[in-house]
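Novice: Provide a 3D model corresponding to the input given below.
(one chain, ligands or ions: 1)
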Amino acid sequence: KPTVIIIGRPNVGKSTLFNRLVGKKLALVDDQPGVTRDRRMGDAEIAGLEFTVVDTAGWEDEDAESLPGRMRKQTEVSLEGADAALFVIDARAGLTPLDEEIARWLRSEEVPVVLVANKAEGKAAEAGILESYSLGLGEPLGVSAEHGEGIADLFTGLWPIIGAKAEAAEKAAEIEAELDEEDLSGPLKLAIVGRPNAGKSTLINRMLGEDRLLTGPEAGITRDSIAVDWEWHDPKTDEMREIRLIDTAGMRKRAKVTEKLEKLSVADARRAIDFAEVVVLLLDATKGLEHQDLKIASQVLEEGRALIVAINKWDIAENASSLFNGIREALNEGLSQVRGVPLFAVSAKTGKGIDTMLSAAFEIREAWSRRVPTAALNRWFDDALAANPPPAPGGRRIKLRYITQASTRPPRFVVFGTRLDDLPKSYERYLVNGIRAKLGFDAVPVRVVLKSPK
Ligand code: GDP
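Specialist: From the prediction side, this is the model:
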C-alpha cells in the first residue's frame with residue numbers, strides 16, 4: 001500500500017485531516033498548537049483509492065522556534081518510505097515564514113508533494129489559497145478537513161502519484177486472500193497424539209474403517225509414509241471432506257515395538273505435530289488428565305498448532321459429567337496460551353462423538369488460518385488503547401503506534417511502538433487477550449511480537 005505523509009506547521013489542521021481520511025470521529029484535536037497525539041498511522045481511503053496515511057502532528061515541539069529542525073529530522077525519516085506528501089497550510093491564516101521554510105525544504109526532497117490549503121470553507125480563505133501558489137509546489141487543493149469539503153479533490157491530486165501502487169497493492173491483497181482460501185481447500189492435516197493406550201490406533205481404525213491401517217503394505221514403510229488420505233463424510237454439511245491423517249501409533253504397532261522404535265515413535269509424534277494443522281490430544285476417560293497430557297498440549301500450542309482435546313473411552317466413563325468438567329477446568333488452568341480448548345467426549349469403540357470432533361477440527365483450522373481485515377484490526381487496536389492506555393513509567397509515555405497481522409497459521413501480530421522495553425508484561429497480556437477474545441482467536445495459539453521501527 002502506498003504511504004502518504006501529512007506535513008505542515010502546527011495548528012494547520014493536520015490531525016483533523018488525518019482523522020477525516022481514516023474516517024474516524026474527530027479525536028484529540030485542539031485549537032492549541034502542539035497538542036500531542038498517539039495515533040499517527042491509519043488506513044485511508046478516498047473514492048476507492050487506498051493508502052496508509054501518517055500524521056506528523058505529534059512530532060511538533062511545544063516551542064515553535066525550535067520546530068523546523070526538530071520536525072525536519074523526524075519527518076525526514078518517514079519521508080524516506082513515503083510515496084507522497086500532503087503539505088498542509090492554513091488558508092485562513094495565510095502563509096507564514098515557517099510554511100515557506102517547510103516548502104523550501106520539501107522542494108529539495110524527492111517525494112512528490114500535494115499542496116493542501118486547509119480551512120478553505122468560505123471567502124476568508126480565498127486570499128490564502130491564491131497566496132499559496134507562491135510556494136512553488138503547484139496548484140493548491142482547497143479543502144476543509146473539519147467540514148469534509150474538498151476531500152474528493154485530494155483524489156485528483158494523489159491518484160497520478162500513488163494510483164499505480166495502490167492498484168498493485170490491491171491486487172496483491174486479493175492474491176493473498178486467495179492463498180488463504182487455498183490453504184483451506186486442501187486436506188485437513190490432522191494428527192492424533194496421546195499417551196500409550198489412550199486409544200489412538202483404535203480411533204484411527206474406527207475413522208478409516210475397520211483395520212485399514214493393519215492391512216496396508218508392510219514393505220517400504222518409512223517414517224515419512226505415515227500419512228493417510230481419506231474422505232470423511234461431514235454429516236453437518238453432507239459433504240465429503242478430505243483429511244490427511246498422520247498416524248504415529250499405527251506405525252509403531254505394525255513395526256512391533258522394540259525399545260529403539262519406541263524412541264523413534266516419540267520423535268514421530270513430534271514430527272506429526274510439525275506436519276499437522278490440527279492436533280487432537282486423546283485422553284483416556286478411565287485415567288483422566290495427567291501432567292504428561294498437559295505437557296503434550298502445551299507443546300502443541302508452543303509449536304503454533306491448533307489443539308483439540310478428546311476424551312476417549314466415553315462408553316466406559318464413570319461420573320461422566322464431573323469428569324468432563326474437571327478436565328475442562330484443568331485445561332483452562334493449565335493452558336494459558338488459549339482461552340478454552342475445544343473439548344469432546346468420544347468413543348473410538350462405538351464411534352460416538354467422532355464426527356462432532358472432526359467438524360470442530362475443520363472449524364478451528366479456519367480460525368487458525370484467518371486473516372483479520374486491516375480496518376477491523378486497527379479499530380480494535382484503537383479501542384483497546386483508548387480503553388486502557390499504555391502506562392508511562394517514569395512519566396514517559398510508551399507509544400504503541402499500530403498493529404499488523406504478519407501471518408496466519410498460526411496468526412501472528414506485530415505491534416509497532418517505541419520504548420517497548422518498558423512495556424509491562426501485563427500490558428502485553430492485555431493485548432494478547434484482547435486479540436483472542438475480540439478478534440475470534442479464542443482457541444488458537446496467537447503470537448504477538450513488539451517491534452520498534454528502525
Ligand atoms: P494407543 O496406544 O493410543 O494406540 O491405544 P490403542 O488404540 O491400542 O487402545 C488401547 C486399549 O484401549 C485397547 O485395548 C482398546 O481396545 C481400548 N480402547 C480404545 N478406545 C476405546 C474406547 O473408546 N472404549 C473402550 N471401552 N475401549 C477403548
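Novice: can we go C-alpha only for contacts and neighbour counts from here?
Specialist: Noted.
Novice: List the contacts of the strand or helix carrying Trp105.
Specialist: Here Trp105, judged by DSSP states H and E, is contained in helix 97-107. The contact list for helix 97-107, computed with CA atoms under 8 Å, 6 or more residues apart in numbering, reads 8-9, 68, 89, 113, 135-137.
Novice: going on from that helix, what's the next piece of helix or strand?
Specialist: By DSSP H and E, the next helix or strand past helix 97-107 is strand 113-118.
Novice: Rounded mean pLDDT for that following strand, please.
Specialist: Strand 113-118 comes out with an average pLDDT of 95.
Novice: Packing partners of that strand?
Specialist: strand 84-90, strand 141-142 (3 or more CA pairs under 8 Å, 6 or more residues apart in numbering; DSSP states H and E).
Novice: now for these, which one comes closest to Ser359?
Specialist: strand 84-90 (48.6 Å; CA to CA).
Novice: can you list the residues that contact that closest one?
Specialist: Applying CA under 8 Å, 6+ apart, the set of residues contacting strand 84-90 is 3-9, 12-14, 79, 95, 99, 111-120, 128, 158, 161-162.
Novice: Return only those of those found close to the ligand.
Specialist: Checking those against the ligand by CA under 6 Å from any ligand atom, not one of them is in range.
Novice: how close does Ile296 sit to the ligand?
Specialist: Distance, Ile296 to the ligand, by CA to the nearest ligand atom, to the nearest Å: 14 Å.
Novice: just the helices in the stretch 351-454 of the chain please.
Specialist: 354-369, 374-387, 425-438 (DSSP state H, counting those that start in this stretch).
Novice: Please identify the most buried of those helices.
Specialist: helix 354-369 (a mean of 19; mean count of other CA atoms under 10 Å).
Novice: Kindly report the residues of this protein close to the ligand.
Specialist: Contacts of the chain with the ligand, taken as CA under 6 Å from any ligand atom, map to 196-202, 249, 312-313, 315-316, 347-349.
Novice: Quick check: buried residues in the helix or strand harbouring Ser321?
Specialist: Take DSSP H and E as the rule and Ser321 turns out to sit in helix 320-334. Neighbour-count burial for helix 320-334 flags 323-324, 327-328, 331 (criterion: 16 or more other CA atoms under 10 Å).
Novice: Now do whichever strand or helix holds Val279 and helix 320-334, the angle between them.
Specialist: Counting by DSSP H and E, the element that carries Val279 is strand 278-284. Interaxial angle of strand 278-284 relative to helix 320-334 (axes from the mean of the first three to the mean of the last three CA atoms, to 10 degrees): 130 degrees.
Novice: Which one (most neighbours) among the residues of the chain next to the ligand?
Specialist: Asn312 (29 neighbours; other CA atoms under 10 Å).
Novice: quick one: pLDDT of that residue?
Specialist: Reading off the model, Asn312 has pLDDT 97.
Novice: partners of it in the sheet?
Specialist: Asp284 (DSSP bridges).
Novice: and it, what does it touch?
Specialist: Per CA under 8 Å, 6+ apart, neighbours of Asn312: 198-199, 282-285, 345-348.
Novice: again, only using 6 Å
Specialist: 283-285, 346-347 (CA atoms under 6 Å, 6 or more residues apart in numbering).
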